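Asks: Sequence and predicted structure, then a few things I'm wondering about:
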Amino acid sequence: MILALDPVGWAHVAKALAEHVRWARANGVRVPEDVLRLADLASTSASGRQDTSKSTGWAGLATTGPVEPSLLNYNEAAAVLGMGRRSLERLVEAGSLPRVRIGAAVRIRRQDLDEYVEALGGASEARSA
């Protein structure tokens, strides 16, 4: 599992952990070493310093920013392609772009969007030759 937070998110985590550590010490509660290391990581990450996951030993935590979703709704997929929702719906209806269902939700795989765009590049190059 990867936890990706921006500096603002890390600042919230750092503040909460700092308050917890202060409370624990004031009440004579032992603070586990991992909690102290996580508090240090959060504080360092909130300040915007890079590559903190290696220096603190928290390999599962990263400050690389948001993770791109694998599945997009029609509006998101249309925005990625730079077109309107109805144009995207036409591509799906024509079979040019596959869709997946998760219960009642209909989604477009990001990988399928990338492959569609790559195929367009090849088609335009073939026409210009």
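Replies: Sure thing, it's come through. Residues are numbered from 1 along each chain as shown.

Asks: Run through the helices of the protein in chain order.
Replies: Using DSSP state H, the helices assigned to the chain run over residues 7-26, 33-46, 52-56, 74-81, 85-93, 110-128.

Asks: average pLDDT for the third one?
Replies: I take that to be helix 52-56. Predicted confidence along helix 52-56 averages 45 (mean pLDDT).

Asks: switch to numbering from 21
Replies: Right, with 21 as the first residue, what we last looked at is helix 72-76.

Asks: about what we covered before: looking at the helices of the chain, which is closest to Ile122?
Replies: Distance to Ile122, taken as CB to CB, is lowest for helix 94-101 among the helices of the chain, at 13.5 Å. C-beta: built from backbone N, CA, C; applies to glycine.

Asks: And the closest one, what does it pack against?
Replies: With contacts defined as 3 or more CB pairs under 8 Å, 6 or more residues apart in numbering; DSSP states H and E, helix 94-101 has these neighbours: helix 105-113, strand 125-129, helix 130-148.

Asks: Now do the shortest one against helix 105-113, angle only.
Replies: Just to be clear, that refers to strand 125-129. In this structure, strand 125-129 runs at an angle of 80 degrees to helix 105-113, with axes from the mean of the first three to the mean of the last three CA atoms, to 10 degrees as the basis.

Asks: Just list what strand 125-129 packs against, helices and strands only.
Replies: strand 91-92, helix 94-101, strand 120-122.

Asks: Return the distance of that strand from the chain's centre.
Replies: Mean-position distance between strand 125-129 and its chain equals 17 Å (CA atoms, centre = their mean, to the nearest Å).

Asks: Just to check, Tyr136 is in contact with Ser116?
Replies: Yes - with contacts defined as CB atoms under 8 Å, Tyr136 counts as touching Ser116 at a distance of 6.9 Å.

Asks: ok, those two, which is more surrounded?
Replies: Ranked by neighbour count (other CB atoms under 10 Å), Tyr136 and Ser116 place Tyr136 first, with 17 against 13.
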